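Q: requesting a structural model of the entry that follows:
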Amino acid sequence: MRTALFLFALLLGVPCFAAGEARIVDVRRIWDRAPHNAFTDLVRFRNSWYCVFREGAGHASPDGRLRVIASKDGKRWEPAALLESADGDLRDAKISVTPDGRLMLMGAVALRQPAPNRHQSLAWFSRDGRNWEAAHKVADPDFWLWRVTWHKGTAYGLGYNTNRDRNLRILRLYASEDGRAYRALVENLGVRNSPGESAIRFDGDRAITLLRRDAYGGKPPIPASAATALIGFADPPYLKWTWKDTGIRVGGPNFIAVPGSRWVAAVRLHEPTTRTALCWLDPANGTLVELLTLPSKGDSSYAGLVMHKGLLWVSYYSSHEGKTSIYLAKVRLP
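A: Numbering: from 1, shown residues only. Purely as a prediction, here's the structure:
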C-alpha cells in the first residue's frame, strides 16, 4: 500500500518524504554585513517580508543596533531601517503586527554603566517598516519583556528581571492594549531556576508558553539538569499557570501553530552539539521532540516563524559558515 501511494504521488508530482519527516525546500544566507549578525524575528506585512535582528561587533558587544531588512519574494533583501540608542546596546529584536495595522518592533537596551538600571525594554512603531517612531519605554525597568503576542486586541508577554544573581530572577506576566503602556497581570509567576526567554501563543483562549531556564554557577549553583525548558498554560484571566518540564535545555524559544492542530517550536539545542532545531511541541504532554536540524552550528538560533502558502518560513542566525550571519529557510512539514 505504501509503495502504491508513493508511485501515485509521483505521478501527480507531489513531493514525497517519509511520514514524520520534514524537508528543507530552500535555505539561504540573507545578511552578513556586520561583524556579528544575530537574534532574528520575521513577519509578513502588506505582501512583503520583514526580518529584524541585531548587528554588532560580537555576541555581547556594547555597540548593538537593530536592523530591519525587507523583501518582496524572500530572495532579494534590502535595508529598510536601522535603530540605534545612545543609551547602550540594543538586543533581541521581535516584530509583530498590531491590531490597528502597524508594525511593532520590540527589544531591550543594555544600559551603559554606571546607570540606575541595567536594562530597559523598548518598543517602536511603524506604518511602512521604514519610518519608525522614537522608542517608547515599556514594562518595568530591569524587566526584559522578551516577546509579546497579540490576542483579541491585547498584547501578552513574559518579562524576567535581569538581576545579576540569577537565583533571584522572577517571571512577570504583562498585558497591554496599545503596546506602549503595560500592566503586570501576575507580579511573580513563581518559576524557579533562572527563568528567561519565552514565547506565548494562544489555542483558542488558552495561553501556552515555552520558557527557557538557565544553569548558573552562583551560590547555590543552578545545575544544568535543572536548567530545562518549561511548557506552561493558563486559561483566562491568565492568573494561574500550570507548568510541565520538558527535560530539555533550550535557547531562543519560539513556536507557532501549524496545520493539523500542531505546534512547531524553533530552539537552540545543546546536546550532542549546539544547533538550531525545529521541534514538535506537545503542550498536553509537556514534550519537545526534534523534527529537523537546520544548517547551523555553535552561535546560532533565535528564530522567527511564519506559515505561508503551505511552507514554514524560518529566519535564524548561525556561525556554521564561519561568520555569524542571518539565514532564511523554507521547510515543508509532514
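Q: can you show me the strands along the stretch 201-334 of the chain?
A: Taking DSSP state E, counting those that start in this stretch as the criterion, the stretch 201-334 of the chain carries its strands at 206-213, 230-234, 242-245, 250-258, 262-269, 275-282, 287-293, 301-308, 311-318, 325-332.
Q: export the ones you listed as TSV, with columns for mean pLDDT, mean neighbour count and distance to L66.
A: Backbone N, C-alpha and C define where each C-beta goes, glycine included. Putting the strands of the stretch 201-334 of the chain into TSV (pLDDT from 0 to 100; neighbours: other Cβ atoms under 10 Å; distance: least, Cβ to Cβ, whole Å) gives the following:
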stretch	mean pLDDT	mean neighbour count	distance to L66
strand 206-213	98	22	21
strand 230-234	98	22	28
strand 242-245	98	14	31
strand 250-258	98	21	16
strand 262-269	98	24	20
strand 275-282	98	22	20
strand 287-293	97	17	28
strand 301-308	98	21	13
strand 311-318	98	24	14
strand 325-332	98	22	13
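Q: mind listing what D235 touches?
A: D205, R206, A207 (Cβ atoms under 8 Å, 6 or more residues apart in numbering).
Q: just give me the closest of these to K297.
A: A207 (33.6 Å; Cβ to Cβ).
Q: please name the bridge partners of the closest one.
A: Beta-bridge pairing of A207, defined through DSSP bridges, involves F202, A234.
Q: where does the chain have its least confident helix or strand?
A: Ranked by mean pLDDT, DSSP states H and E, the helix or strand of the chain with the weakest confidence is helix 2-12, at a mean of 35.
Q: low-confidence ranges, the protein, go.
A: Under the criterion pLDDT under 70, the flagged ranges of the chain are 1-20.
Q: next up, the contacts around the residue lying closest to F233 once chain neighbours are set aside.
A: Once flanking residues are discounted, F233 sits nearest to I208: 4.9 Å by Cβ to Cβ, 6 or more residues apart in numbering. With contacts defined as Cβ under 8 Å, 6+ apart, I208 is in contact with I200, R201, F202, I231, G232, F233, W263, P283.
Q: mind putting these in CSV, distance to V186 included?
A: Shown next, in CSV, are the contacts of I208 (distance: Cβ to Cβ, whole Å):
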residue, distance to V186
I200, 12
R201, 18
F202, 17
I231, 17
G232, 11
F233, 14
W263, 23
P283, 19
